[in-house]
Every structure is written in structure tokens, then in C-alpha cells.
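A.B. asks: model the following, please.
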Amino acid sequence: MNPNPTEPVSENPIIIIVGTNRKNSMSRQVAEYYHAILERMAIPSHILDLSGLPPDFVMTALYENTGKNPEFNQYKEVVERAKKMVFIVPEYNNSYPGVLKAFIDGLSYPSGLSNKKVALVGLSANHQGGALALSHLNDIFSYLGTHTLALRVKLAQIRNYWKEGTLHNDLYKMLLQQQAEQLIEF
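C.D. replies: A predicted model of the protein is given here:
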């Protein structure tokens, strides 16, 4: 696990992006679980947690300030070097978190996510598992030329199945494992 974008990472790891800036989030815990799946398969991965973004990046790293925020640029470089990513996306207000949209807006256009391969994992407290959030995010990725894996894992009512730091739902475990295997071959 490597939450710091300044620490060295192995060549071409799968980047697992925690799609919220909420500290100690459920998304972070799911990202760690996904990292462990990849680790068991001997696939290098790196967790990029948006909770570490500079708090003022919307004002200091976007638009006319592109390239001017060194902390944000470290995150941007990790994503832009990546070939494959997993986005762990919590559902906020029936969509994905605004910080994730702002982060995507701060990447190079149009090539920051172009031709990248991504997998999507949604999580929610309700019965939909972030389905709308993943749909909205997939629309953005399609526009940017990002290739999205067909298997989108939706972890509905996640808090009911997350106990003592791990997932307690056989179907969810199987789907995450299958998605990781498909992403490796993607």
C-alpha cells in the first residue's frame, strides 16, 4: 500500500483511486481490500487516496493555474503514467463525489485519461450500490476516450457487509476477484 504519491512505486502498477476526499472513508477500506486481492495475485498496485489532495487544489491547480500546484501535480503524474486503474466510487447525492470530478478536470486534456483502462467499483448505503454514480462516471470516461471494463462491481448496503475491517459477503468477494482478474487481462 502506498498512499503517498511521492513515494516510489513499481513499474506499471494498477492504480487504485479512492474517489472521495473524506478521511478514513469506507472507500479507502475497500481500496485496501482490492489492493490485497491484487497483492495475492502478485500484481503490483498503488492506492491513490484523494483525501491527501491539497485542500485548495480547485483554486490553485485548475484552469489558468494548471501545473502550478506541485502537490496536485504529484497526483496528476501518478494517474497520467498509469495504464490501468480501479476507481472506488462512493455514491454521493445519487452520483459520484464532486472532488473526483474536480480531480478529473485537473488532469491533462484530452490525453490525461485517454486510452487508459479502468475498472469501476461503486459503494453505497442504499440498495443500488452506486449504480448511478458509476453510470455518470462512465459517461465522463467515454467522452475522454477511457476504456472501461464491462464488469462494474456495485457494493450495495456496504456497511452491513463490512465488519472488523473486512468484507463479509461471498458474492461481493467473488465479484471483486473476478473484476481484478478481468482487469489484469484487459
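A.B. asks: what are the phi and psi values at the closest residue to Y161 other than its chain neighbours?
C.D. replies: Leaving aside its sequence neighbours, Y161 sits nearest to N169 (Cβ to Cβ, 6 or more residues apart in numbering; 4.0 Å). Placement of C-beta: from N, CA and C, glycine included. Note on N169: its backbone torsions stand at phi -160, psi 110 [degrees, to the nearest 10].
A.B. asks: check the burial of N169 by counting its neighbours.
C.D. replies: As a burial measure, N169 scores 17 neighbours (other Cβ atoms under 10 Å).
A.B. asks: and it, how far from V121?
C.D. replies: Distance, N169 to V121, by Cβ to Cβ, to the nearest Å: 13 Å.
A.B. asks: doesn't L171 fall inside a helix?
C.D. replies: Yes. Under DSSP: H, G, I helix; E, B strand; the rest coil, L171 falls within a helix.
A.B. asks: wait, Y161 touches D170, no?
C.D. replies: No. The criterion here is Cβ atoms under 8 Å, and Y161 misses it with D170 at 9.8 Å.
A.B. asks: can you pick out the residue with more neighbours from the two?
C.D. replies: For Y161 versus D170, neighbours defined as other Cβ under 10 Å are more numerous around Y161 (17 against 9).
A.B. asks: need the contact list for Y92.
C.D. replies: 20, 98, 133 (Cβ atoms under 8 Å, 6 or more residues apart in numbering).
A.B. asks: which residues touch the strand or helix carrying S142?
C.D. replies: Element membership for S142, per DSSP states H and E: helix 131-144. Identification of contacts with helix 131-144 by Cβ under 8 Å, 6+ apart yields 87, 89-92, 94-96, 100-101, 104, 109-110, 112-114, 118, 120, 122, 124, 148, 152, 154.
A.B. asks: got the CA positions of that helix in CSV?
C.D. replies: Taking C-alpha atoms only, helix 131-144 is exported to CSV below (Å, rounded to 0.1, in the frame of the first residue of the first chain):
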residue,chain,number,x,y,z
ALA,A,131,-25.1,2.3,-10.0
LEU,A,132,-26.0,5.9,-11.0
ALA,A,133,-22.6,7.2,-9.8
LEU,A,134,-20.8,4.6,-11.9
SER,A,135,-23.0,5.4,-14.9
HIS,A,136,-22.3,9.2,-14.6
LEU,A,137,-18.6,8.5,-14.2
ASN,A,138,-18.6,6.1,-17.2
ASP,A,139,-20.2,8.8,-19.3
ILE,A,140,-17.2,11.1,-18.5
PHE,A,141,-14.7,8.4,-19.2
SER,A,142,-16.4,7.6,-22.6
TYR,A,143,-16.1,11.3,-23.5
LEU,A,144,-12.4,11.3,-22.5
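A.B. asks: sketch out the low-pLDDT regions of this structure for me.
C.D. replies: 1-10 (pLDDT under 70).
A.B. asks: and the strands in it?
C.D. replies: Taking DSSP state E, the strands of the chain run over residues 14-18, 45-49, 84-90, 117-123, 147-148, 153-155, 162-163, 166-167.
A.B. asks: much appreciated, bye for now.
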